[in-house]
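>>> everything below, folded, please.
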Amino acid sequence: MTVEISAQCVKELRIMTGAGMMDCKKALQQTNGDIDKAVENLRQKGLASANKKSGRRTAEGLIESYIHAGSKIGVMLEINCETDFVARRSEFHDLAKNIAMQIAACPQVEYIDIPSIPQSVIIEEKQIESGKDDIFDKPANVQEKIVEGRVNKRLNELSLLDQAFIRNPDITIRDLINENIAVIGENIQVRRFVRFILGEGLEKSNQNFSEEVANMIKS
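Residues are numbered from 1 along each chain as shown. Next comes the predicted model:
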């Protein structure tokens, strides 16, 4: 019989070890909810070291590019590690490619993580949610909770590291990076990214091909 594991226990173990969410849940299930044994379980698998490595300096890495099928969406990503040796490893390249694909697949993502979202954006989102008609008739304390929940949801949508990984929705991009830190043994950080969408910001003409040819003949 599978032991029911609370979200709070998973969160606590994740904070203690830096391991991925699903890895923490599995470790707790395998140890019948015993956190100490779960920590040991994760350490044996090499998954409890990501948090300890998060403060190390990352000066190496690579710039990854990804062009989606049809060549209408492109992404450039800088991802860093500690040594040039790791930067050349296939696992690191695969991670970079997966993250670049994730960015291409998530048009709402604009920032690396929630702490990097400017305060001005957060204030604007709060103003938008506070002004919606569907909460006007609710008590002030209820309105506040609704706005907070909606804003938090919006911030998660904007944050790359909080996205569910497109190839395994059970984990986030943060979990994916932590898993690779555990395997590779070095700190890994996404530094910056940019997404290109063909024609973005340009006013598109509605003129069709036959009209264009007709205009050329007249001139």
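
>>> list the helices and strands whichever helix in the chain runs longest packs on?
If you go by DSSP state H, the chain has its longest helix at helix 140-158. Counting contacts by 3 or more CB pairs under 8 Å, 6 or more residues apart in numbering; DSSP states H and E, helix 140-158 packs against helix 119-130. Bear in mind the C-beta positions are built from the backbone N, C-alpha and C, glycine included.

>>> tell me where the protein has helices.
Using DSSP H, helices in the chain cover 7-17, 21-30, 35-44, 50-53, 84-87, 90-105, 119-130, 140-158, 173-184, 209-218.

>>> most packed of the ones you listed?
When the helices of the chain are scored by mean count of other CB atoms under 10 Å, the highest mean neighbour count falls to helix 173-184 (a mean of 22).

>>> give me the mean pLDDT for it.
Averaging pLDDT along helix 173-184 yields 89.

>>> quick one: list the elements packing against it.
Helix 173-184 sits against helix 21-30, helix 50-53, helix 90-105, strand 164-165, with contacts defined as 3+ CB pairs under 8 Å, 6+ apart.

>>> distance from the chain centre to the last one, please.
On the basis of CA atoms, centre = their mean, to the nearest Å, strand 164-165 is displaced by 7 Å from the centre of the chain it belongs to.

>>> next: the longest one.
Between the centre of helix 90-105 and the centre of its chain there are 11 Å (CA atoms, centre = their mean).

>>> can I get the CA coordinates of that helix in PDB?
This file holds the C-alpha atoms of helix 90-105, laid out as PDB (Å, rounded to 0.1, in the frame of the first residue of the first chain):
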ATOM      1  CA  SER A  90      26.700  15.800 -23.800                       C
ATOM      2  CA  GLU A  91      24.400  16.000 -20.700                       C
ATOM      3  CA  PHE A  92      25.000  19.700 -20.400                       C
ATOM      4  CA  HIS A  93      24.300  20.200 -24.100                       C
ATOM      5  CA  ASP A  94      21.100  18.200 -23.900                       C
ATOM      6  CA  LEU A  95      20.000  20.200 -20.900                       C
ATOM      7  CA  ALA A  96      20.600  23.500 -22.800                       C
ATOM      8  CA  LYS A  97      18.700  22.200 -25.800                       C
ATOM      9  CA  ASN A  98      15.700  21.100 -23.700                       C
ATOM     10  CA  ILE A  99      15.600  24.500 -21.900                       C
ATOM     11  CA  ALA A 100      15.800  26.400 -25.300                       C
ATOM     12  CA  MET A 101      12.900  24.200 -26.600                       C
ATOM     13  CA  GLN A 102      10.900  24.900 -23.400                       C
ATOM     14  CA  ILE A 103      11.300  28.700 -24.000                       C
ATOM     15  CA  ALA A 104      10.100  28.400 -27.600                       C
ATOM     16  CA  ALA A 105       7.100  26.400 -26.400                       C
END
